[in-house]
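[1] need coordinates for the below:
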Amino acid sequence: MSSFTSDIVIGLEVHVELNTKTKLFCSCPTKGNEEPNTRVCPVCLGHPGSKPVLNRKAVEFALKLCTALNSKISSELVFSRKSYFYPDMSKNYQITQYEIPLGAGGALSLKEGREIALKRVHMEEDPASLVHSSGMQESGCVLVDYNRSGNPLIEIVTEPCLASPEEARDFMKQLITVLSYLEIFDENHGIIKADANVSVRESGYVRVEVKNITGFREIERALSYEVVRQKSEAGHGRKLAHETRSWDSARGITFALRKKEAEEDYGYIIDPDLVISEIGSEWIENIRNEMPELAQDKVRKFIEKYKIGREDAQILASEKALAEMFEKVAGAVDPELAAKWLRRELLRVLNYSRKSLDEVGITEKHMIDLLRLVQEKKITDNVASRLLEKLVENAFDIVSYVKKEALEAVSDADVLEKYCIEAIKENPVAVEDYRKGEAKSLNFIVGQVMRKTKGKAAPKEVNEIILRILNESQ
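    Residues are numbered from 1 along each chain as shown. A predicted model of the protein is given here:
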C-alpha cells in the first residue's frame with residue numbers, strides 16, 4: 001500500500017499495442033492476413049535456434065511515450081524472460097522488462113488536473129490470442145492464434161492511487177489522447193487492455209487483480225462491478241482472497257481464475273539472446289526535439305491565446321485532428337465562434353453520423369468558409385447547421401453551394417417586417433394567446449416567419465420585429 005488513502009484503491013497495468021509495421025523481435029507483419037497462425041515465423045513461435053532481433057522503431061515509440069509522461073529514461077535497454085507455462089506463449093516465456101524498465105516514475109493528469117503517479121513504463125511482447133468458442137468458462141477447448149504473438153507492447157503501471165472506477169476510465173481516456181498525439185497507437189485497430197488491482201476499505205484493502213479489460217469504456221464497468229462485489233462480500237462477513245479474476249464483458253461480471261502469483265514466481269532472468277544495449281543521450285535528445293505539442297499544452301495555449309473557456313479548450317484538445325483544425329480556423333475567424341461551432345455543432349453531427357473527423361472530408365477550409373458566412377451574417381445559424389450536416393455526408397464548396405441554392409440570409413428589414421405582419425394576421429389565435437400571457441405563442445409566430453423565409457432569417461431579429469409590431473398595435 002502507498003500513503004494514498006481512499007475507500008477504494010485502484011492501480012492499473014495498461015498494455016498498449018504500438019503501431020509498428022513489424023513485430024518486436026522479428027520481421028513478421030503486425031497486420032495483414034487474419035487467417036489464424038499465418039503471420040508467424042520461427043522467432044515469434046520460439047523454435048529452437050531462432051534468435052530475436054529488436055525492432056528499433058518500437059523502442060523509438062516507447063521513448064516518445066516515456067518522454068510525454070515525464071518518466072526517467074534508463075541509460076540501458078535490458079530485456080528479461082518471464083517464465084510461465086501457458087498456451088499463449090509457445091516458448092514458455094515472455095520477453096519483457098523487469099529489473100530495469102525503460103521508464104521509471106512519471107505521471108499523467110486526469111481531466112480535472114489531479115496527477116496520477118506512475119511506477120514504471122516498460123516494453124514487452126504480446127502473447128498469442130486464445131479463442132474460447134463458448135466463452136472462457138463454458139468452452140470445452142481453447143484455440144490458439146499466434147498471429148498476435150510477438151507484437152510490440154508498452155506497459156504503463158500506475159501507483160495504487162486511483163480512487164474510483166470513474167477515475168480509472170478517465171486515466172485510460174487521457175492516456176489514449178497522449179498516444180494519439182504521439183501517433184504511436186492505432187485507435188481504430190490497435191489493442192489497449194488493462195489489468196486492474198482493486199481493493200476496498202471494508203475488506204482491509206485485500207488486493208484483487210482483474211484481468212482482460214479491453215478499452216477505456218469497459219474499465220469503468222468492470223471496476224464498478226468488482227467494487228460492489230468486494231463490498232458485498234465484506235458486508236456479509238466473508239473474507240476476500242488475494243486472487244486473480246477475469247472480466248466477462250458479455251455477462252458483466254468478474255470470475256475467479258487463480259490465486260494471485262507473486263512476481264518471484266515467474267523466475268525472471270536476463271535474456272541471453274538480447275544483449276544489453278545503451279540508450280544514448282543523443283537519441284533521447286532527438287526524440288525530445290521531435291515531440292509534438294501535447295493536449296495539455298494545447299489547452300493552455302487555447303485559453304491564453306484564443307481566450308476561450310477551459311472546458312471548450314479541453315474538449316477541442318482531446319482529439320489531435322480537432323485541435324489542429326481549431327487553430328487554423330481560429331486564425332481566420334473569431335476564436336469564440338470557432339470554438340462554439342467545432343466543439344458543439346461539428347461534434348454533434350459527427351456523433352450523430354457515428355464518424356470521426358478523419359473519416360469525413362471536412363477540412364479547415366470548409367469550416368472557415370462556413371463560419372465566415374455566419375460571422376458576416378450572410379447565412380443564419382440554422383442554415384449553417386444544415387450545411388454542416390450535408391458536409392459530413394459529402395464534402396462540397398460552401399460558398400458556391402450557398403449562392404446556387406439561394407441560402408443567403410433574409411436581412412432586409414422591410415422584407416422581414418412584411419413576413420412578420422403576414423404571420424400576425426394569419427395567426428390571430430396565437431396573437432390573442434400571447435396577449436393573455438402565454439409567451440410560447442410568440443415562438444409559434446416566429447416559427448411561421450421562419451417557415452416563410454425557409455429558415456433564412458435570424459430568429460432573434462424576427463422576434464424583435466414581431467414584438468415591436470404587437471406593442472405598437474395595442
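
[2] for the rest of this, base every contact and every neighbour count on C-alpha atoms.
    OK.

[3] mind listing the helices for the stretch 201-350 of the chain?
    216-235, 281-290, 295-306, 310-317, 320-330, 335-340, 347-353 (DSSP state H, counting those that start in this stretch).

[4] any weak-confidence spans in the stretch 351-474 of the chain?
    By pLDDT under 70, the low-scoring segments of the stretch 351-474 of the chain are 410-414, 474.

[5] which residue ranges make up the domains of the chain?
    Domain assignment of the chain by automatic domain parsing yields the ranges 8-284, 293-404, 413-472.

[6] rewinding a little: distance to Ala104 and mean neighbour count for the helices of the stretch 201-350 of the chain - can I get that in a markdown table?
    Output for the helices of the stretch 201-350 of the chain, formatted as a markdown table (distance: least, C-alpha to C-alpha, whole Å; neighbours: other C-alpha atoms under 10 Å):
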| stretch | distance to Ala104 | mean neighbour count |
| --- | --- | --- |
| helix 216-235 | 24 | 18 |
| helix 281-290 | 15 | 12 |
| helix 295-306 | 21 | 17 |
| helix 310-317 | 27 | 20 |
| helix 320-330 | 27 | 20 |
| helix 335-340 | 38 | 19 |
| helix 347-353 | 37 | 15 |
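
[7] contacting residues around the residue nearest to Asp248 when sequence neighbours are not counted?
    Once flanking residues are discounted, Asp248 sits nearest to Thr254: 5.9 Å by C-alpha to C-alpha, 6 or more residues apart in numbering. Contact criterion C-alpha atoms under 8 Å, 6 or more residues apart in numbering gives 210, 222, 225-226, 245-248 as the residues in contact with Thr254.

[8] tell me which residues in stretch 367-379 are buried?
    Applying a neighbour-count criterion of 16 or more other C-alpha atoms under 10 Å, the buried positions in stretch 367-379 are 367-375, 377-379.

[9] so which of those is the closest to Val392?
    Distances from those to Val392 were compared by C-alpha to C-alpha; the smallest belongs to Met367, at 11.6 Å.

[10] distance of the nearest residue to the closest one once chain neighbours are set aside from Ser180?
    Using C-alpha to C-alpha, 6+ apart and skipping the chain neighbours, the partner closest in space to Met367 is Val329 (6.8 Å). The spacing between Val329 and Ser180, counted by C-alpha to C-alpha, to the nearest Å, is 21 Å.

[11] swap in Ile424?
    When distances are taken as C-alpha to C-alpha, Ile424 and Ser180 turn out to be 55 Å apart.

[12] and what of Ala58?
    As defined by C-alpha to C-alpha, Ala58 lies at a distance of 16 Å from Ser180.

[13] who's more crowded, the two?
    Here Ala58 and Ser180 are set side by side on neighbour count (other C-alpha atoms under 10 Å), and the busier one is Ala58, at 25 against 19.

[14] part of a helix, is that one?
    Yes. With DSSP: H, G, I helix; E, B strand; the rest coil as the criterion, Ala58 is part of a helix.

[15] my read: it touches Pro152, true?
    Yes. In terms of C-alpha atoms under 8 Å, Ala58 counts as a neighbour of Pro152; the distance is 6.7 Å.

[16] give me the common contacts of the two.
    Once C-alpha under 8 Å, 6+ apart is applied, the residues that Ala58 and Pro152 both contact turn out to be 18, 20, 24.

[17] what about the first one, how many neighbours?
    It stands for Leu18. Using other C-alpha under 10 Å, the number of residues around Leu18 comes to 28.

[18] could you check the pLDDT of it?
    Looking at Leu18, its pLDDT stands at 98.

[19] show me what contacts it?
    Counting by C-alpha under 8 Å, 6+ apart, Leu18 touches 58, 61, 151-154, 184-186, 190.

[20] mind redoing it with 10 Å?
    For Leu18, the contacting residues are 24, 30, 57-59, 61-62, 123, 151-154, 179, 183-186, 190-192, taking C-alpha atoms under 10 Å, 6 or more residues apart in numbering as the criterion.

[21] who's the residue nearest to Asp248 bridged to?
    Beta-bridge pairing of Thr254, defined through DSSP bridges, involves Trp247.

[22] thinking again about what came up before, pick the one among the shared contacts of Ala58 and Pro152 closest to Arg435.
    Nearest to Arg435 among the shared contacts of Ala58 and Pro152, counting by C-alpha to C-alpha, is Leu18 at 66.8 Å.

[23] got the phi and psi for that closest one?
    phi -80, psi 140 (degrees, to the nearest 10).

[24] Leu130 contacts Tyr146, correct?
    Yes. Shown here, Leu130 and Tyr146 form a contact pair, counting by C-alpha atoms under 10 Å, at 8.7 Å.

[25] mutual contacts of those two, please.
    87-88.

[26] those two: who's more crowded?
    With other C-alpha under 10 Å as the criterion, Leu130 and Tyr146 differ in neighbour count, and Tyr146 comes out ahead with 25 against 14.

[27] any idea how far the spatially closest residue to Val78 that is not a sequence neighbour is from Gln97?
    Setting aside the residues directly before and after it, Val78 is nearest to Ile276 in space (C-alpha to C-alpha, 6+ apart), at 5.2 Å. For Ile276, the distance to Gln97 equals 12 Å [C-alpha to C-alpha].

[28] those two: which is more packed in?
    With other C-alpha under 10 Å as the criterion, Ile276 and Gln97 differ in neighbour count, and Gln97 comes out ahead with 25 against 13.

[29] from Ala107, how far out is the residue nearest to Met367?
    Per C-alpha to C-alpha, Val329 is found 32 Å from Ala107.

[30] what of Asn212?
    24 Å.

[31] pLDDT weak spots in the stretch 201-350 of the chain?
    Counting by pLDDT under 70, the ranges of the stretch 201-350 of the chain that qualify are 260-264.

[32] change it to 80
    By pLDDT under 80, the low-scoring segments of the stretch 201-350 of the chain are 215, 259-266.

[33] now do the SS call for Lys460.
    Per three-state DSSP, Lys460 ends up helix.

[34] if we can go back for a sec, pretty sure the residue nearest to Met367 sits against Ile368.
    Yes. The criterion here is C-alpha under 10 Å, and Val329 meets it with Ile368 at 5.6 Å.

[35] circling back to that earlier point, tabulate the helices of the stretch 201-350 of the chain in TSV, adding columns for distance to Ala457.
    Formatted as TSV, the entries for those read as follows, by distance: least, C-alpha to C-alpha, whole Å:
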stretch	distance to Ala457
helix 216-235	42
helix 281-290	49
helix 295-306	30
helix 310-317	28
helix 320-330	25
helix 335-340	19
helix 347-353	22
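
[36] pLDDT value on Gln137, please?
    Note on Gln137: pLDDT of 66.

[37] can you check the one 10 residues further on too?
    Asn147 is assigned 95 on the pLDDT scale.
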